[in-house]
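Trainee: Got a predicted structure plus its sequence, pasted below:
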2 protein chains.
Amino acid sequence: MAMQAAGTDRPATIHDIAALCGVAASTVSRALSTPDRVNIRTRERIQAAAAELNYLPNSQAKALSSGRTGAVGVLVPDITNPFYFDLIRGTQLQLKAAGYTQLLVDTEESDEVEASTLEQLRKTADGVIVAASRLTDDALLAAAGKAPLVTINRDVAGVPAVIIDTPSATSQALDHLISLGHTRVAYIAGPLTSQSSERRWTALSEAAQDRGVEVRSLGPFAPKTQSGAAAADAAVHSGVTACIAFNDLIAIGMLQRLRERGIRVPEEMSIVGCDDIFGADFCNPPLTTMASPIEQAGRVAVSMLLAKLNPLAGGGIRTRSVMPTHLTVRGSTAAAPAPSTAP
Amino acid sequence: MAMQAAGTDRPATIHDIAALCGVAASTVSRALSTPDRVNIRTRERIQAAAAELNYLPNSQAKALSSGRTGAVGVLVPDITNPFYFDLIRGTQLQLKAAGYTQLLVDTEESDEVEASTLEQLRKTADGVIVAASRLTDDALLAAAGKAPLVTINRDVAGVPAVIIDTPSATSQALDHLISLGHTRVAYIAGPLTSQSSERRWTALSEAAQDRGVEVRSLGPFAPKTQSGAAAADAAVHSGVTACIAFNDLIAIGMLQRLRERGIRVPEEMSIVGCDDIFGADFCNPPLTTMASPIEQAGRVAVSMLLAKLNPLAGGGIRTRSVMPTHLTVRGSTAAAPAPSTAP
DNA sequence: TTGAAAGCGCTAACAG
DNA sequence: CTGTTAGCGCTTTCAA
């Protein structure tokens, strides 16, 4: 049984260990944090005592005196968006493996919440990972100047980032639609403040120009299934035969709306989503979408951040990492409907 | 522009404010934490100075000296399970509203991870909310003795809890199936360590006995869509015409498997899920399931916890709160298939 | 290699 | 109402 210090049952401190071993508290501190700077025999005595007393370092105290908190913040715009599940799991696993604690915050798609969270985290965390930031480039750059920070899906010069390369997959998606005979395609845009959406649209319109087909942008729409209805209506009204949506949430919402309206997918309208979130494979019809290794993106982001925090021997620090994306074809896309004007 | 203390750019402390106002640091502390114990004029001077210096309290220091951290831990067994989204959002909103920080941890369906997290959190958090604990009753009771703790979906004598009343909804589900003509029903069980699953099964078998129909338990199955295939196969093999699944994840997985096997839902097999998670309404066919106010459950759990942390004037503390659940009928249930034996 | 001492920034008695 | 004085538990000089 683990004895408690002096019979009390409050958690043991280094002083308890020091007393038990007849050494100074500072020696205990060293033995526990920098073992090689302590005589091996006393070190072992101390470690044994620590185990015996069931010692657990107090992270607050540690943080206060050392300046490092052992925690890193992870900011996501919407925790209920399945896209972030795997990302969060990826960061959490990698962080835990490195002995860090994850501080997960839902910034509610709000740049203000994001900014204030970032500010608060400067004291609370050693670094921050920001997914799909809604902040301006300048704000982000400033934040990155004040604290170690890496973004996910946000490309700002001077800010380390892991980018999920959906733009290139978007061209693939367009080619897929073209090969099916579509010539009028809509891009269903995400939030104005989303750089992903912007990059996607740029890539898409360039690709369209190359291929001589027509694409138009509809929106912006909030990245939620509820937006799907408006998006679907807009798409139908615009006369396109296929849509590439900002994300799967919107795409799934569109699927539902089109079904309500009796418009068949994919016969009368093809839909392509993005992210391959939970649900994309079992919605009706299953969604053609762009998939990427999101959990891995989370891990990579953590690695990049930790590399900044602990500038060890290892070579230079990566400041930009691009994750590949590929098209996963399912039932929501098919050949374009025959033109309605008879020959 | 906010001036920085003494021209340095390190974050301002109460000492900087004290110096600027010509008062003692402790007065600043009071003015900021217990404003009513300070002369209104000096208080205002101090608050102005704090704003001017862009003062932000250091939570570590605060925690170290006061013993309170301003954080509460929220433990969930699987962060990628959509069931927890709304729960997490509920706790986060309520916590933030009360000025607390949420420490979200994914315990990976592991009792060990859960136990060690709980231990670590004793220092780091003022209290803990544990959803769907995989711990034994004794372990949970012990943990609740050492730190303020409230469970969600886990009923242990002496431990405050918010319970989502799926057992009662389960009877509703059974009645629904019976009214459709089903007489042989299977319960697709969740993890052995899940008390929810156990309670559900108890309620279901009692209700079945009352109504004179046959139910059997199949499983246990992991609460993931991947388990759906095995569950579906087991159900088909057992000869039942309807299933009540531990949760929607499994139910959705079953839907997929049955489709693969060419078994029509609901014509040949009816499926009822539980939780009404993201996806239950747009899977194919849409899932009949049991819905409950999960976000609210999260809020209630937080309220109960905070009531323990701040024993204010308000009357007695609720130690148990039951959230209602109701059946949401969608396309995955229908009349029982006619018996295969002709008259 | 070890000990003593001085904080980290804040709160909490205890006087005044 | 306000100032003084101790710490919270740990790290980190600086000597020894």
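Mentor: Nice, thanks for sending it over.
Trainee: Going by C-alpha atoms from here, please, whenever you check contacts or count neighbours.
Mentor: Will do.
Trainee: Up against DNA strand C, what does chain A have?
Mentor: By the rule Cα under 7 Å from any atom of the strand, the part of chain A lying against DNA strand C is A:22-27, A:37-43, A:61, A:64-66.
Trainee: Pull the contacting residues for the nearest residue to A:Thr124 once chain neighbours are set aside.
Mentor: Closest residue to A:Thr124 apart from its sequence neighbours, by Cα to Cα, 6 or more residues apart in numbering or on different chains: A:Thr69 at 6.5 Å. Contacts for A:Thr69 (Cα atoms under 8 Å, 6 or more residues apart in numbering or on different chains) come out as A:Ser59, A:Gln60, A:Lys62, A:Ala63, A:Thr124, A:Ala125, A:Asp126.
Trainee: Could you report the pLDDT at the third one?
Mentor: What that stands for is A:Lys62. Among the per-residue scores, A:Lys62 shows a pLDDT of 92.
Trainee: Could you pick out the buried ones from the residues of chain A next to DNA strand C?
Mentor: By neighbour count, with 16 or more other Cα atoms under 10 Å in any protein chain shown, the residues of chain A next to DNA strand C hold A:Ala25, A:Thr27, A:Thr42, A:Arg43, A:Ala61, A:Leu64 as buried.
Trainee: Tell me which stretches of chain A form helices.
Mentor: Secondary structure of chain A (DSSP state H): helices at A:14-21, A:25-33, A:40-53, A:59-66, A:83-97, A:111-124, A:137-146, A:166-179, A:195-211, A:228-238, A:248-260, A:294-309.
Trainee: deepest of these, which one?
Mentor: Highest mean neighbour count of the helices of chain A: helix A:248-260, a mean of 25 (counted as mean count of other Cα atoms under 10 Å in any protein chain shown).
Trainee: List of residues touching that helix?
Mentor: Under the criterion Cα under 8 Å, 6+ apart, residues A:81, A:222-229, A:231-233, A:245, A:264-265, A:271-277, A:280, A:283-285, A:287, A:289, B:282 lie in contact with helix A:248-260.
Trainee: about what we covered before: restrict the contacts of A:Thr69 to those near DNA strand D?
Mentor: Near DNA strand D, by the rule Cα under 7 Å from any atom of the strand, you find A:Ser59, A:Lys62 out of those.
Trainee: Save the contacts of A:Thr69 as a markdown table, and put in distance to A:Leu192 too.
Mentor: Rendered in a markdown table, the data for the contacts of A:Thr69 read as follows (distance: Cα to Cα, whole Å):
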| residue | distance to A:Leu192 |
| --- | --- |
| A:Ser59 | 40 |
| A:Gln60 | 40 |
| A:Lys62 | 42 |
| A:Ala63 | 39 |
| A:Thr124 | 30 |
| A:Ala125 | 29 |
| A:Asp126 | 30 |
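Trainee: show me the contacts for A:Phe83.
Mentor: Contact analysis of A:Phe83 by Cα under 8 Å, 6+ apart lists A:Asp275, A:Asp276, A:Ile277, A:Phe278.
Trainee: mind running it again at 10 Å?
Mentor: A:Asn247, A:Asp248, A:Leu249, A:Cys274, A:Asp275, A:Asp276, A:Ile277, A:Phe278, A:Ile294, A:Glu295, B:Thr80 (Cα atoms under 10 Å, 6 or more residues apart in numbering or on different chains).
Trainee: got it, and A:Ala144?
Mentor: Contact criterion Cα under 10 Å, 6+ apart gives A:Leu118, A:Gly127, A:Val128, A:Asp138, A:Val150, A:Thr151, A:Gly158, A:Val159, A:Pro160 as the residues in contact with A:Ala144.
Trainee: Check the gap between A:Arg41 and chain B for me.
Mentor: A:Arg41 sits 29 Å away from chain B, going by Cα to the nearest Cα, to the nearest Å.
Trainee: Just give the number of residues close to the residue of the stretch 201-343 of chain A found nearest chain B.
Mentor: Among residues of the stretch 201-343 of chain A, the one nearest chain B by Cα to the nearest Cα turns out to be A:Cys283. It sits 4.5 Å away. Taking other Cα atoms under 10 Å in any protein chain shown as the criterion, the count of residues near A:Cys283 is 22.
Trainee: pLDDT score for the closest residue in space to it that isn't next to it in sequence?
Mentor: Spatial nearest neighbour of A:Cys283, excluding adjacent residues (Cα to Cα, 6+ apart): B:Cys283 at 4.5 Å. In the predicted model, B:Cys283 carries a pLDDT score of 97.
Trainee: Isn't B:Cys283 up against A:Leu287?
Mentor: No - under the criterion of Cα atoms under 10 Å, B:Cys283 lies out of contact with A:Leu287, with a separation of 11.3 Å.
Trainee: Now the common contact residues for the two.
Mentor: Applying Cα under 10 Å, 6+ apart, one finds that B:Cys283 and A:Leu287 are jointly contacted by A:Gly279, A:Ala280, A:Asp281.
Trainee: A:Met323: which of those residues is nearest?
Mentor: A:Ala280 (20.1 Å; Cα to Cα).
Trainee: so what's the nearest residue to that closest one once chain neighbours are set aside up against?
Mentor: Counting by Cα to Cα, 6+ apart, A:Ala280 lies nearest to A:Leu287, which is 5.2 Å off, once chain neighbours are set aside. Taking Cα under 10 Å, 6+ apart as the criterion, A:Leu287 is in contact with A:248, A:251-252, A:255, A:266, A:270-274, A:276-277, A:279-281, A:328-333.
Trainee: Try it again at 6 Å.
Mentor: Listed by Cα atoms under 6 Å, 6 or more residues apart in numbering or on different chains, the contact partners of A:Leu287 are A:Ala280, A:Arg330, A:Ser332.
Trainee: I'd like those residues as CSV, with pLDDT appended.
Mentor: Shown next, in CSV, are these (pLDDT from 0 to 100):
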residue, pLDDT
A:Ala280, 97
A:Arg330, 97
A:Ser332, 96
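Trainee: Check those one by one and keep those near DNA strand D.
Mentor: With the criterion set as Cα under 7 Å from any atom of the strand, no member of these is near DNA strand D.
Trainee: List just the nearest of these to DNA strand C.
Mentor: Set against DNA strand C, the nearest of these by Cα to the nearest atom of the strand is A:Ala280 (47.7 Å).
Trainee: Can you report how many residues lie near the closest one?
Mentor: A:Ala280 is surrounded by 24 other residues when neighbours are defined as other Cα under 10 Å.
Trainee: What distance do you get for the residue nearest to A:Ala280 to DNA strand C?
Mentor: With the distance defined as Cα to the nearest atom of the strand, to the nearest Å, A:Leu287 ends up 52 Å from DNA strand C.
Trainee: related to what we said a few turns ago, looking at the helices of chain A, which is nearest to B:Ile317?
Mentor: Closest approach to B:Ile317 among the helices of chain A (Cα to Cα): helix A:59-66, 29.8 Å.
Trainee: Give me the helices and strands touching that closest one, please.
Mentor: Using 3 or more Cα pairs under 6 Å, 6 or more residues apart in numbering or on different chains; DSSP states H and E as the contact criterion, the elements in contact with helix A:59-66 are helix B:59-66.
Trainee: Tell me which residues are up against the helix it packs on.
Mentor: For helix B:59-66, contacts defined as Cα under 6 Å, 6+ apart pick out A:Gln60, A:Leu64, B:Thr69.
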